[in-house]
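okay, predicted coordinates and the sequence, questions at the end:
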Amino acid sequence: MPCFVEAVTGEPVRGSWWGHPRGQLIFSLAEGLEDSDQVLVIKLLDGTATFVDRSVWPELLAMVLDETWRSRVTTG
C-alpha cells in the first residue's frame, strides 16, 4: 500500500514525519485531503490515518458490511 508521507518526501521517513524538512508540507497536504469530498480519512492500519479515494468507497463499504469478513477480523 502506498505511503502518503513517502510519496511527499520521495523517501522512507524514520520516526516522526514532523521532524522531516518537508513536515509542514506533509501537514498542509494532509489537511487538504481531509477537507476534500473526494477522500475519506479513516484509521485502518495500526491506527494510522488512511486516505481512501472516492472511487473505491463502494468496495470498502461492501467489505465492512460483509458479516463473514467482520467476524473474521474482530475475532482475530
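It's in.

now the strands: where do they sit in this structure?
39-45, 48-53 (DSSP state E).

the ones you listed: which one's closest to residue 20?
Among the strands of the chain, the nearest to residue 20 by Cβ to Cβ is strand 48-53 (16.1 Å). Every C-beta, even on glycine, is put in place using the N, C-alpha and C of the backbone.

I'd like the average pLDDT over the closest one.
Strand 48-53 carries an average pLDDT of 90.

what strands line up against that strand, and which way round?
When pairing is defined by DSSP bridges, strand 48-53 lines up against strand 39-45 (antiparallel).

for the partner strand, buried residues please.
Of the residues in strand 39-45, residue 40 count as buried by neighbour count, 16 or more other Cβ atoms under 10 Å.

run through who's touching it.
1, 33, 34, 49, 50, 51, 52, 53, 54, 57, 60 (Cβ atoms under 8 Å, 6 or more residues apart in numbering).

excluding covalently adjacent residues, which one is nearest to the spatially most central residue of the chain?
Nearest to the geometric centre of the chain sits residue 50, at 1.1 Å (Cα atoms, centre = their mean). Using Cβ to Cβ, 6 or more residues apart in numbering and skipping the chain neighbours, the partner closest in space to residue 50 is residue 44 (4.2 Å).
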